[in-house]
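S.K.: just a sequence and a predicted model for now, questions to come.
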Amino acid sequence: MKVLVLNGSPHLHGSTARALTELETTLHEHGIETERIEIGKPDIRGCIACNYCYSHGECVFKDLVNDVAKKFAEADGLVVGTPVYWAHSNGQALAFLDRLFYSTFSTIDKTMKVGAAVISSRRAGSTSAMEEINKYFTMNSMPVVSSTYWNEVHGSTAEETEKDLEGLQTMRNLGRNMAFLIKAIRAEKERTGSLPQQEHTYFTNFIR
């Protein structure tokens, strides 16, 4: 069982990374493997809606997105960590997620892959950032993992985040909940031999 952990911060050892480490440690304690991928510093451009991915099975831009897509296909869960910039997620992280989810819409079945957002902020804007990240999960039949508070830590640096005892506690509880859910889904899939059926017959539009 494996979870991909995306760090959307350009600071590899900053507040977001500190929160992710606490989560990863807990997942490891409960038998879940993790792989962290840094997406906050590479040159990632946004989706241009060219639909190249529909005919070729990958994004037209040959970069980290396509590499991560292959790992995403095999993962049981996805964690997306982001700092808060101007009351929302890091723009680069959102550009990465737009392309990751759009380019794999028809090639990767994301049903019951669990998802969790991890947010770091100095003070405010964390809940709006969390809402942005969670939308990627809820549009793809991915259960969203919650904790005992919003999945966030506070602090401008890792050292400041170290003092946010409730935030780090929230990360540990998030890890426990994520491990439990992954194991429960795996057990049910093994028992029944399948995942919930997803219908894709209708696509609402009002063109006559």
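M.R.: In hand now; what should we look at?

S.K.: and the longest helix along the chain, what does it pack onto?
M.R.: For the chain, the helix with the greatest residue count under DSSP state H is helix 165-192. On a contact count with 3 or more Cβ pairs under 8 Å, 6 or more residues apart in numbering; DSSP states H and E, helix 165-192 meets helix 15-29, strand 77-85, strand 114-121, strand 152-154. Bear in mind the C-beta positions are built from the backbone N, C-alpha and C, glycine included.

S.K.: if we use 7 Å, what do you get?
M.R.: Under the contact definition 3 or more Cβ pairs under 7 Å, 6 or more residues apart in numbering; DSSP states H and E, helix 165-192 sits against helix 15-29, strand 114-121, strand 152-154.

S.K.: and His154, what are its bridge partners?
M.R.: When bridges are called by DSSP bridges, His154 pairs up with Ser121.

S.K.: surely Val153 touches Ser120?
M.R.: Yes: the criterion here is Cβ atoms under 7 Å, and Val153 meets it with Ser120 at 5.1 Å.

S.K.: these two: which is more packed in?
M.R.: Ser120 (31 against 28; other Cβ atoms under 10 Å).

S.K.: and the gap between that one and His11?
M.R.: 10 Å (Cβ to Cβ, to the nearest Å).

S.K.: try Leu165
M.R.: 21 Å.

S.K.: and for Glu74?
M.R.: In terms of Cβ to Cβ, Glu74 sits 28 Å off from His11.

S.K.: neighbour count for those two, which is higher?
M.R.: His11 (17 against 9).

S.K.: and Ser55, how far is that from Arg186?
M.R.: 33 Å.
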